[in-house]
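Colleague: Quick one, what's the 3D model for this:
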Amino acid sequence: CLFVCCLVFVEEVMLLVCGRAGGRAGGRACVSALPVMHGRRYLTDKGYLHETAIPTYKFQNSLLKLHLPKLETSFEKFLSSAKPLATVEEFADVENVLKDFVEGEGVTLQQLLEKKNKAHYSSYISEFWNDMYVKFRAPLPINMNPQLTMKDDGDVEKQKMVPRAASLISASVAFYRTLRDEQLRPDVYHTKPEKSETKLYDSVVNLAPSRLAWAASFAFGAFPLDMSQYKNLFSSTRIPHVEKDEIKKFSEKDSKHVVVQYGHDFFKLNVLKDDGTAVSEGEIAAALESIASSPPSYSSPPLGAATTMGRTEWANLRDEIISISSSNAEAIDTIDSALFALCLEDSSPGAVPGTPLQDVQNNEYIDLTTTMLYGNGTNRWFDKSFQLIVARNGKAAVNFEHAWGDGVAVLRYFDEIYKESIASPAATPVGGSKPERISIELSDTVSSALRSAAENFDKERKRINLKVLQTQAMNVDILKKNSLATDGTLQMAFQLGYYRMFGKNAPTYESAATAGFKHGRTETIRSCTPLSDAFVRSFCNPASTREEKEEAMRKAIKNHSAISKDALMGKAWDRHLFALRAIGNENGLSEHPFFTHPVYERLNRIVLSTSTLASPALDGGGFGPVNDDCFGIGYGIIDIGARLSVTSFGLDSQGLLDNIEKAMEDMVAVAEGRDI
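Modeller: Residues are numbered from 1 along each chain as shown. Got it, this is the predicted structure:
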């Protein structure tokens, strides 16, 4: 989807999917082999993160298919979402148009969708959703690619660029080899770990035929997740074409290297040997040191800026670059085929490494976020499946392209390499693997186009207004003490803050992962509802009593939990209606007026695009607004308080944060029995 920011932590997703508490997620299905010292890391004797009794993709042929909703159910839910965002006249009109659709063309489209769904063991939305991503023509940075910033490494030596980068590359290669050889533990949500995290579970599931593996796991109260996206995590890239991009996956023999960017220069660095084993961390450190020991060069045209261009424009320029010489084609192929990209960032963004979270200043957090989200656009390759960005002060982040997958695979990788990399001190550089400079011949026309691309992106990134709020108004203890559900309470604070600022409701997007189903991706949680509307109106009505405010607030929060569960189970309306429209286009049918109705279009122009993540490795994250009217809200809450970041294209981000903080304070006051 275009709302690149909207990611949901796996544990929270499966908690709601299964409708119970106390379970754990994140691939703890199997008992690993006892680790032994391998070099200076606790890897298995084969250099894996762990070894699994159950193969990584064991469950792929037995996962449940995503539910295809009934036509009438989706339209009822659409109308519920539309009510607080339409005038009385608009609502009556869209209701009539929708009735005509349900009784006519909608039936035909539903039948076509049902037929297609039955013919394929996949998600009914998967093909259409993937097409939507690769047909997206706007630039990837800001519009598509999000970033996740890692916590600092406690090793002082790794609070420097080269040692931290070498450590993270080494951990990434260990993850890759574990995944490649299908030793990565499957992603499984455990509701009864005392039964499922056992050797008996391993044995039963491993012996079950692949088509029955999900059922065998379910019998132990363990729910496997789809892992199809992992296959594009490494060695893949998005290749621009004039009308529709391509996600290309490269073979193991062609992908034994990473591509390193330093200034405007590119280098190929082999991190796997010919036999598929890993190059040592010390050799990687020495190679990176040879690259970064001198100041970066910016004299050549900024090739990386090409990936900040509109996709059609970049496709044409790429063809021109490749046509210049066969060596250019080989150079671009070397970049495309890398396991991933490493961007050595010649700046020291953010707070001093090791600074406690509560002591990080807002301007430091903003500096770190913008650097990892897009930087200046020239020292990046936004087309790669992911970029590992490491700054002079050891600050590190993962910036990933969104078409190939969502947050589930990326967050697992992120957590695993952080945990692995901090397990040992920095390696001593030793000779061995040598970096190879990637040279590209550029014509005057191409050079001019690259410089223009850099200038245009510089203007675009300066449009972003990013502001940050760190507040004690809400924290884990406050919410728990007042029996307030975390996500629903924060989402309602966003609704109230926006309503107070603008005097109206906002189309709101929160992403729900449907990873519990075959080829599951995401569904939309529509946080703006009739009950949220009643809640904000009550809080803004001086005549409402405290008791009335509290009742409205708790009803809205409870309802948010219910619609979240529906979305996680694939029972919301967004993806279904999108698929109905897409299958009509696929079959050459004329588009029904419902799909161009002002209310439908309004609901699909998101104004509050929201995302939350939780991870022991996560220090922050960031994403851009999805249109000129949008506020992108990243949020999280821990014991010391809540942190929110808001991005927009020149809108009053600070004003929205101020109103959200006041909303938090007032909601807590009402919950505690105090008047506002």
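
Colleague: Need the per-residue pLDDT for the nearest residue to residue 417 once chain neighbours are set aside.
Modeller: Spatial nearest neighbour of residue 417, excluding adjacent residues (C-beta to C-beta, 6 or more residues apart in numbering): residue 171 at 4.0 Å. All C-beta spots, glycine's among them, are computed from the backbone N, C-alpha and C. Predicted confidence (pLDDT) for residue 171: 98.

Colleague: residues touching residue 171, list them.
Modeller: Residue 171 makes contact with 41, 416, 417, 418, 420, 421, according to C-beta atoms under 8 Å, 6 or more residues apart in numbering.

Colleague: got the buried residues for the helix or strand harbouring it?
Modeller: Following DSSP states H and E, one finds residue 171 within helix 161-180. Within helix 161-180, the residues that qualify as buried by neighbour count (16 or more other C-beta atoms under 10 Å) are 161-180.

Colleague: now do stretch 648-659
Modeller: Within stretch 648-659, the residues that qualify as buried by neighbour count (16+ other C-beta under 10 Å) are 648, 649, 651, 652, 653, 654, 656, 657, 658, 659.

Colleague: Just put these in a markdown table and tack on pLDDT and distance to residue 504.
Modeller: Below are the buried residues of stretch 648-659 laid out as a markdown table (pLDDT from 0 to 100; distance: C-beta to C-beta, whole Å):
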| residue | pLDDT | distance to residue 504 |
| --- | --- | --- |
| 648 | 98 | 17 |
| 649 | 98 | 19 |
| 651 | 98 | 15 |
| 652 | 98 | 15 |
| 653 | 98 | 18 |
| 654 | 98 | 20 |
| 656 | 98 | 14 |
| 657 | 98 | 19 |
| 658 | 98 | 18 |
| 659 | 98 | 13 |
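
Colleague: my hunch is that residue 548 is in a helix, does that hold up?
Modeller: Yes: secondary structure of residue 548 (DSSP: H, G, I helix; E, B strand; the rest coil): part of a helix.

Colleague: Quick one: classify the closest residue to it other than its chain neighbours as helix, strand or coil.
Modeller: Using C-beta to C-beta, 6+ apart and skipping the chain neighbours, the partner closest in space to residue 548 is residue 538 (5.8 Å). What three-state DSSP gives for residue 538 is helix.

Colleague: Any idea how many residues pack against residue 538?
Modeller: The local packing of residue 538 (other C-beta atoms under 10 Å) involves 21 other residues.

Colleague: got it, and residue 266?
Modeller: 24.

Colleague: ok, the residue nearest to it when sequence neighbours are not counted - contacts?
Modeller: In space, and not counting its chain neighbours, residue 266 is closest to residue 438: 4.0 Å by C-beta to C-beta, 6+ apart. Residue 438 makes contact with 259, 265, 266, 267, 268, 331, 334, 335 under the criterion C-beta under 8 Å, 6+ apart.

Colleague: if we can go back for a sec, I'd like the buried residues of stretch 648-659 laid out as a markdown table, including distance to residue 149 and secondary structure.
Modeller: Shown next, in a markdown table, are the buried residues of stretch 648-659 (distance: C-beta to C-beta, whole Å; DSSP: H, G, I helix; E, B strand; the rest coil):
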| residue | distance to residue 149 | secondary structure |
| --- | --- | --- |
| 648 | 20 | strand |
| 649 | 22 | strand |
| 651 | 24 | coil |
| 652 | 25 | coil |
| 653 | 19 | helix |
| 654 | 21 | helix |
| 656 | 22 | helix |
| 657 | 19 | helix |
| 658 | 24 | helix |
| 659 | 26 | helix |
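
Colleague: Going by distance to residue 470, which of those residues wins?
Modeller: residue 657 (10.2 Å; C-beta to C-beta).

Colleague: Now the closest one: closest residue in space that isn't a chain neighbour?
Modeller: That would be residue 469: by C-beta to C-beta, 6+ apart, it lies 4.3 Å from residue 657.

Colleague: what about the one you found, which SS state?
Modeller: When classified by three-state DSSP, residue 469 comes out as strand.

Colleague: For the residue nearest the centre of the chain, give its distance to residue 400.
Modeller: For the chain, residue 407 is the residue whose C-alpha lies nearest the centre (C-alpha atoms, centre = their mean; 3.8 Å). Separation of residue 407 from residue 400 (C-beta to C-beta, to the nearest Å) stands at 9 Å.

Colleague: Equivalent analysis for residue 600, please.
Modeller: According to C-beta to C-beta, residue 600 stands 30 Å off from residue 400.

Colleague: Specify which residue of the two has the higher count of neighbours.
Modeller: Per other C-beta under 10 Å, whichever of residue 600 and residue 400 has more neighbours is residue 400, with 28 against 18.

Colleague: State the pLDDT value of the more buried one.
Modeller: 98.

Colleague: Grab the nearest non-local neighbour of it.
Modeller: Per C-beta to C-beta, 6+ apart, closest to residue 400 is residue 386, 4.0 Å.

Colleague: what residues are up against that neighbour?
Modeller: Taking C-beta under 8 Å, 6+ apart as the criterion, residue 386 is in contact with 233, 340, 341, 398, 399, 400, 401, 410, 413.

Colleague: What score does it have for pLDDT?
Modeller: For residue 386, the model assigns a pLDDT of 98.

Colleague: Neighbours of the residue lying closest to residue 246 once chain neighbours are set aside, how many?
Modeller: In this structure, residue 246 finds its nearest non-sequential neighbour in residue 239, 4.6 Å apart by C-beta to C-beta, 6+ apart. Using other C-beta under 10 Å, residue 239 has 17 other residues around it.

Colleague: what about residue 239, distance to residue 313?
Modeller: 14 Å.

Colleague: in which helix or strand would I find residue 557?
Modeller: Residue 557 is part of helix 546-568 when elements are defined by DSSP H and E.

Colleague: Let me see the ranges of the helices in the stretch 401-550 of the chain.
Modeller: For the stretch 401-550 of the chain, helices defined by DSSP state H, counting those that start in this stretch occupy the ranges 407-421, 444-461, 476-481, 486-502, 530-539, 546-568.

Colleague: closest to residue 253 out of these?
Modeller: Of all the helices of the stretch 401-550 of the chain, helix 407-421 sits nearest to residue 253, with 22.4 Å by C-beta to C-beta.

Colleague: returning to what we had before: in CSV: the buried residues of stretch 648-659, plus distance to residue 139.
Modeller: Below are these laid out as CSV (distance: C-beta to C-beta, whole Å):
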residue, distance to residue 139
648, 17
649, 13
651, 20
652, 24
653, 21
654, 26
656, 25
657, 26
658, 31
659, 30
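
Colleague: Could you pull up the contacting residues of residue 237?
Modeller: Residue 237 is in contact with 247, 248, 250, 335, 336, 337, 383, 384, 385, 401, counting by C-beta under 8 Å, 6+ apart.

Colleague: go with 10 Å
Modeller: Going by C-beta atoms under 10 Å, 6 or more residues apart in numbering, residue 237 touches 245-250, 259, 307, 332, 335-338, 340-341, 381, 383-385, 401, 404.

Colleague: Restricted to helices, list these.
Modeller: Counting by DSSP state H, the contacts of residue 237 place 332, 335, 336 in helices.

Colleague: So what's the residue count around residue 44?
Modeller: Residue 44 has 18 neighbours, counted by other C-beta under 10 Å.
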